[in-house]
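# here's my sequence, what's the structure:
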Amino acid sequence: MDLKLLKSSLSSKINPVLENNGSNKLASILVVIYGKEPLIVMTEKPEHLKFHAGEISFPGGKLDPSDSDLLETALRETQEEIGLSISKNQVIGQLKPVMTLNSGFTILPFVSIVDEIASLSANSEVKTIFHIPLMPFLKTMTNDPNPSHNIIQEMYTFEFENKIVWGASARILKQIVNRLNS
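Predicted coordinates:
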């Protein structure tokens, strides 16, 4: 699948604001897909973090009071975590918000598809940066076998180099699978 077809499947209206009823914490992530044979950028969190230690995730983080909206959060966090500058006009759409099971965040995912990216460098919030071949990765999807993970909604897992992607990141990837299959 080429980038043009991906763009047509993943493009959507962008509304970077979620209502916060006070009980949830807001965050956003950026799904970055690039290259001729499309790659998706994901990160592995270091073990010392308070939330999501050791998990495979997308660059992003919690809404900061200085951010104008959740899109600004995703772009800022992507720049901070992996040194990648994506402009607002390079964001082609967003996916449905997902909840984290353990930390109580509502995450708004945004999507950027670009031809190429500069080399990346991880900050202290990132242990490893992965450049994962998109289509083979999406084909690894299975239902999450851990019944305790099914509390909120359907749960899935994806696998890359013997690492398991689960939770909110997997539910974001499942939305991509659904869009590409529709």
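
# only C-alpha atoms for contact and neighbour calcs from this point on.
Will do.

# for the helix or strand containing residue 109, which strands pair with it and how are they oriented?
Take DSSP states H and E as the rule and residue 109 turns out to sit in strand 105-114. Taking DSSP bridges as the criterion, strand 105-114 forms sheet pairs with strand 25-34 (parallel), strand 91-94 (antiparallel), strand 98-99 (antiparallel).

# for it, which outside residues touch it?
With Cα atoms under 8 Å, 6 or more residues apart in numbering as the test, strand 105-114 has contacts from 3, 6-7, 10-11, 16, 18, 24-35, 70-71, 74, 86, 90-100, 172.

# now a ChimeraX select for only the buried ones of those.
One line in ChimeraX is enough to select the buried members of these, burial here meaning 16 or more other Cα atoms under 10 Å:
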select :3,6,7,10,11,16,25,26,27,28,29,30,31,32,33,34,70,71,74,86,91,92,93,94,95,97,98,99,100,172
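
# and residue 57, what does it touch?
By Cα under 8 Å, 6+ apart, the residues touching residue 57 are 42-45, 165, 169.

# confidence score at it?
The score at residue 57 is 94. That number is its pLDDT.

# low-confidence ranges, the chain, go.
Within the chain, the ranges that satisfy pLDDT under 70 run 20-23, 49-53, 144-154.

# can you show me the helices along it?
3-10, 70-82, 134-138, 167-181 (DSSP state H).

# put together CSV for those, with distance to residue 111 on each row.
Rendered in CSV, the data for these read as follows (distance: least, Cα to Cα, whole Å):
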stretch, distance to residue 111
helix 3-10, 7
helix 70-82, 10
helix 134-138, 14
helix 167-181, 10
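
# out of the ones you listed, which one sits most buried?
Ranked by average neighbour count under the criterion mean count of other Cα atoms under 10 Å, the helices of the chain are headed by helix 70-82 at a mean of 23.

# nearest residue to the middle of this protein?
By Cα atoms, centre = their mean, the mean C-alpha position of the chain lies nearest to residue 58, the distance being 3.6 Å.
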